[in-house]
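**Student:** compute the structure for the input listed below.
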Amino acid sequence: MHEGQWVYLERDCDALMVPSAVPFTIPGGTEVQIVQALGGHITVNVRGNLARIDKNEADALGLSKEDLPDHKKHPEGPLTIVDEEAVWAQLKTVYDPEIPVNIVALGLVYHVKITPIYTEDNDLIGNDVHVQMTLTAPACGMGPVLVADAEAKIRDLHSVTDVTVELVFDPPWDRSMMSEEAKLELGMF
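**Tutor:** Numbers count the residues shown, from 1 in each chain. The predicted structure follows:
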């Protein structure tokens, strides 16, 4: 799949308007331009507007789910304490639908806390993961969508029993929080 490629939808396709996150249906036969395909979702240009299409709708674009780069579900095995680096790695697979940069590189993730959960007999039964993150703008309509993406990807980690992603706005986000990689990607050097 090539960013910039124009395709005609093979069928009606459910999407979210970016940045408002308003759901709508793009009619089959509509010509769209693929803007980016990251984190298991596709952002398309529809008549000058951006829309996010879920990987489950990829066939409408003539693609399969396997065509989309995505996170991997971690293998099962004995319960273990979740490694914080694994949580950060999953968060790096959550992308802003408007720009090709993940939420970690954008500096949107402030804190990750993992709490192992034990029985009275001190047997590990899982892990609760709590993440604090922010948005580039407090009124961003895609906020709930990004939160749901982060939660889903963290839940794919083995031994995770509960995930809470909390939106916080203190400190407020600014461009200085972006990684050098993100600034380079966005031409901000």
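
**Student:** ok, the residue most central in space within the chain to residue 125 distance?
**Tutor:** Residue closest to the mean C-alpha point of the chain, counted by Cα atoms, centre = their mean, is residue 94 at 2.6 Å. Plainly put, residue 94 is 27 Å away from residue 125 if you go by Cβ to Cβ, to the nearest Å. C-beta: built from backbone N, CA, C; applies to glycine.

**Student:** distance between the ends of stretch 92-99?
**Tutor:** Using Cα to Cα, to the nearest Å, the span of stretch 92-99 from its first residue to its last is 14 Å.

**Student:** pretty sure the residue nearest to the centre of the chain sits against residue 146.
**Tutor:** Yes. With contact defined as Cβ atoms under 8 Å, residue 94 counts as touching residue 146 (6.3 Å).

**Student:** find residues that contact each of these two.
**Tutor:** Counting by Cβ atoms under 8 Å, 6 or more residues apart in numbering, the common neighbours of residue 94 and residue 146 are residue 103.

**Student:** and stretch 118-134, how far from the chain's centre?
**Tutor:** 22 Å (Cα atoms, centre = their mean, to the nearest Å).

**Student:** show me the contact partners of that stretch.
**Tutor:** By Cβ under 8 Å, 6+ apart, the list of residues contacting stretch 118-134 reads 79-82, 87, 91, 103, 108-117, 146-147, 150, 154, 157, 159-169, 172-173.

**Student:** please repeat the previous calculation with a cut-off of 7 Å.
**Tutor:** 79, 81-82, 87, 103, 108-117, 150, 154, 159-169, 173 (Cβ atoms under 7 Å, 6 or more residues apart in numbering).
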